[in-house]
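>>> no FASTA, just this:
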């Protein structure tokens, strides 16, 4: 009605943010009240002791008080909404804090042995139970882990990816059966995988415990994980790409090799790396099949071999403080290894199928330019240049033996 | 009149099909595809064979122990002394189940809350980071969790156990024999290595796995239905309750069961913390329990051939138990509305 209201410059922009001042005060007030109340319960009434019960009580009081405070000026529906929001936020925070606690505790406790270089460069054969941290190390466990995982990967990658390709390329009753079995095996208890290899390789075939047997156990455990996640990734490849390739006349094999696998490469790499991270950290299959040693052993086929998680387990079970410290140290190294694998997986696998990094895009463009040149050379009837030369300058260096289908020169 | 109309409206006689047989849609396989098909099929069959052999070999190896006293006795005996002929998995299998249930009791609320937070509440900027963190948590080796549970969590959690035993000891499962709350000098070691502590550690391990399955189905809840609920005046919780959770129910149950399967089979974290006893322990706060996997991990080394056979039979029981749980989980996930694409 008044001119001031119609004047757009005088209009105050409304905030669409969800947080209001009263909300913040409500939360803060409830928090202060809850903490004070539970502190009183703990110090004066002594109903409970310790930090964790204190946090639990304070949290319960906070939820109740916050609900009551909100009820003063909101409807019941809004109160329920707020309370659920508090609950969801706090559960997420608890899980994240637990992760930080686990990782932080491992690195903090395992820090001391990591300061000594010999921890990485020598094995435990020369270190007695009472030796300080300046003697002995976990080189044998690091080498053992790397050897076992390499063997396990060299079996499970071809087998796993081929199976995943079969599942996605040849759907039918048989592949459905395989998919069901593999999915059920994803949660195969790792100790059962160890027992299986123990029963077959060691008891029936009569081989002694060795790094190779442990690799087989890790393979049995890793295979379903790799197959399952590769299968998911392969099914994400757009069917338009496959159909285009087949419409151009290429066979199924060529379609898979040149279209499906390159498109899904980043996802496949992620699947494999995450499977590796699980395999690296597994203790129980190795415990049953590898044996325990303090010596550096480079040969997976003879003699016992130890891995990082198994070393951690045996160190920690010892009563000596220095051994326990070494156990923390190996756990920290193991954690570091898993972290590195994980970061690499994220760096590679952050993109969807067919999305390229800058370098891949440049390479792809270059390849496409070379192809274009080759086709044009073929049309003109001149020999195609060798594909390695990125930008051929002389189009007529030599004839190719392959028959050129178009053009007058043939 | 009507006749003429019907004449006009009468449909023209269709051309009689002469030799219009349905064409065969069977594509003739390319010659170069044959090796490809055979190769991948062989690989897949090999994987299937390995997976089936796991069960078969455990059965063969465990057969000696299973037939010694009969499977019924094997399932109902509590103690584990294979060399004197008295052994059975009643105590350890119940220990596994109790620990797994405790783990699920802690893991499911944590996982549901975190999954809802990531899919519904988290700001867009940190969403991807949180997903990575949860996945990372799932990749942390179990020996690290065990170490953390043994050295970091257990000393801090004993107060909680003591509190529950003091105030809720009248509930049978929270009762602890030999604990007197009025005795100030009573040692808290009666609460160490209990089902509660181990279950909590295992719960922390399975929560991320359950969480990532739940998050996946929650984020797939159709945006149209969400916006419809909000447009009708639902609060955020109302929208979650009416749209997101009904949509993701199959994934929630399936994820929970997958977590349960993982919890049943967890070995090293349990073996590090546990102080094994071989009788049924219904008091979840009291020290001493055992699981099948911990039994195998702790007893395999000093075993005679017959004991190994008994361990294999125990492993077979664990294998069958987890298979049932996992098959159930994948059935439920596949049958749910969101299951079609939630692998």
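Cool, the structure landed. The structure displayed is predicted, hence computed values, not measured ones.

>>> drop to CA atoms for contacts and neighbour counts, all remaining ones
Fine.

>>> What backbone torsions are found at residue B:80?
Torsion angles at residue B:80 (phi, psi; degrees, to the nearest 10) stand at phi -130, psi 80.

>>> swap in residue A:15?
phi -80, psi 130.

>>> Using neighbour counts, pick out the buried residues of the longest helix belonging to chain B.
When chain B is parsed with DSSP state H, its longest helix is helix B:33-69. Using 16 or more other Cα atoms under 10 Å in any protein chain shown as the test for burial, helix B:33-69 gives B:36-37, B:40-45, B:47-48, B:51, B:54-55, B:57-66.

>>> Residue B:58 and residue B:98: what is the separation?
24 Å (Cα to Cα, to the nearest Å).

>>> Which residue ranges of chain B form strands?
B:80-81, B:86-87 (DSSP state E).

>>> Just send these back as CSV, with mean pLDDT, distance to residue B:201 and mean neighbour count too.
Converted to CSV, these look like this (pLDDT from 0 to 100; distance: least, Cα to Cα, whole Å; neighbours: other Cα atoms under 10 Å in any protein chain shown):
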stretch, mean pLDDT, distance to residue B:201, mean neighbour count
strand B:80-81, 82, 25, 18
strand B:86-87, 83, 28, 18
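
>>> Redo those as CSV? Include distance to residue A:335.
Output for the strands of chain B, formatted as CSV (distance: least, Cα to Cα, whole Å):
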stretch, distance to residue A:335
strand B:80-81, 35
strand B:86-87, 38
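
>>> looking at those, which is closest to residue B:286?
Closest to residue B:286 of those, according to Cα to Cα: strand B:80-81, at 20.2 Å.

>>> Strand partners (parallel or antiparallel) of that closest one?
Here strand B:80-81 has these sheet partners by DSSP bridges: strand B:86-87 (antiparallel).

>>> Now do the partner strand: distance to the chain's middle.
Averaging C-alpha coordinates over strand B:86-87 and over its chain gives two centres that are 29 Å apart (Cα atoms, centre = their mean, to the nearest Å).

>>> low-scoring stretches of the chain, by residue?
Chain wasn't specified; assuming chain A. A:1-10, A:17-18, A:129, A:349-355, A:383-410 (pLDDT under 70).

>>> Chain B, not that one
For chain B, applying pLDDT under 70 flags the ranges B:1-12, B:14-18, B:26-30, B:181, B:184-186, B:302, B:336-343.

>>> okay, now the nearest residue to residue A:118 once chain neighbours are set aside: neighbour count?
In this structure, residue A:118 finds its nearest non-sequential neighbour in residue A:137, 5.8 Å apart by Cα to Cα, 6 or more residues apart in numbering or on different chains. Neighbourhood size, residue A:137 [other Cα atoms under 10 Å in any protein chain shown]: 27.

>>> Ok, residue A:318 next?
13.

>>> show me what contacts the nearest residue to it once chain neighbours are set aside?
Spatial nearest neighbour of residue A:318, excluding adjacent residues (Cα to Cα, 6+ apart): residue A:324 at 6.7 Å. Applying Cα atoms under 8 Å, 6 or more residues apart in numbering or on different chains, we find residue A:324 in contact with A:315, A:316, A:317, A:318.

>>> So for chain B, the centremost residue is which one?
Residue closest to the average C-alpha location in chain B (Cα atoms, centre = their mean): residue B:258, at 2.4 Å.

>>> ok, now how distant is that residue from residue B:145?
Counting by Cα to Cα - residue B:258 and residue B:145 are separated by 19 Å.

>>> Same check on residue A:213?
25 Å.

>>> which parts of the stretch 101-250 of chain A sit against chain B?
Selection of the stretch 101-250 of chain A residues close to chain B by Cα under 8 Å from any Cα of the partner chain yields A:102, A:105-106, A:159-160, A:162-167, A:178, A:181-185, A:187-193, A:195-196, A:199-200, A:220, A:223, A:232.

>>> Keep only those of these that are in helices.
A:102, A:105-106, A:159-160, A:162-167, A:178, A:181-185, A:190-193, A:195-196, A:220, A:223, A:232.

>>> Distance check, residue B:286 against residue A:64.
31 Å.

>>> who's more crowded, these two?
residue B:286 (26 against 13).

>>> List the contacts of that one.
Here residue B:286 is in contact with B:176, B:177, B:190, B:191, B:192, B:193, B:194, B:195 (criterion: Cα under 8 Å, 6+ apart).

>>> filter the residues you listed to the buried ones?
B:176, B:190, B:191, B:192, B:193, B:194, B:195.

>>> What about the residues you listed, which are in helices?
residue B:195.

>>> Tell me how many other residues crowd residue 202.
Answering for chain A, as no chain was given. Every residue meeting other Cα under 10 Å relative to residue A:202 is counted, giving 18.

>>> try chain B instead
Residue B:202 is flanked by 31 other residues according to other Cα under 10 Å.

>>> I'd say it and residue B:103 touch.
Yes. Between residue B:202 and residue B:103 there is a contact at 5.5 Å, judged by Cα atoms under 8 Å.

>>> Give me the common contacts of the two.
Common contacts of residue B:202 and residue B:103, defined by Cα under 8 Å, 6+ apart, comprise residue B:263.

>>> Where do the helices of chain B begin and end?
B:2-9, B:33-69, B:71-76, B:90-116, B:124-139, B:142-148, B:154-168, B:195-219, B:223-231, B:236-239, B:245-265, B:268-273, B:292-299, B:305-335.

>>> The third one - contacts with which helices or strands?
Same thing as helix B:71-76. helix B:90-116 (3 or more Cα pairs under 8 Å, 6 or more residues apart in numbering or on different chains; DSSP states H and E).

>>> Which strands or helices does the helix it packs on pack on?
Helix B:90-116 packs on helix A:76-109, helix B:71-76, helix B:195-219, helix B:245-265, helix B:292-299, going by 3+ Cα pairs under 8 Å, 6+ apart.

>>> run the last query once more with 6 Å
helix A:76-109, helix B:195-219, helix B:245-265 (3 or more Cα pairs under 6 Å, 6 or more residues apart in numbering or on different chains; DSSP states H and E).

>>> Run the chain-centre distance for it.
9 Å.

>>> which residues does the residue of the stretch 151-300 of chain B found nearest chain A contact?
When scored by Cα to the nearest Cα, the stretch 151-300 of chain B has residue B:265 as its residue closest to chain A, at 4.5 Å. Contacts for residue B:265 were tallied using Cα atoms under 6 Å, 6 or more residues apart in numbering or on different chains; they are residue A:189.

>>> one more time with 8 Å, if that's ok
Each residue near residue B:265 by Cα under 8 Å, 6+ apart is listed here: A:188, A:189, A:190, A:191, B:293, B:318, B:322.

>>> same thing with residue B:174?
B:164, B:165, B:168, B:283, B:284, B:285.

>>> How about residue B:34?
Residue B:34 neighbours (Cα under 8 Å, 6+ apart): none.

>>> Tell me the residues of the stretch 51-200 of chain B that contact chain A?
Counting by Cα under 8 Å from any Cα, the stretch 51-200 of chain B sits next to chain A at B:51, B:54, B:57-58, B:61, B:109-111, B:113-117, B:133-134, B:136-137, B:139-145, B:147-148, B:152, B:156-157, B:159-160, B:163.

>>> and if we set it to 7 Å?
B:54, B:57-58, B:61, B:110, B:113-114, B:116-117, B:136-137, B:139-145, B:148, B:156-157, B:159-160, B:163 (Cα under 7 Å from any Cα of the partner chain).

>>> Mark which of those are buried, thanks.
B:54, B:57-58, B:61, B:110, B:113-114, B:116-117, B:136-137, B:139-145, B:148, B:157, B:159-160, B:163.

>>> Check the burial of residue A:66 by counting its neighbours.
Quick note: residue A:66 (other Cα under 10 Å) scores 24 neighbours.
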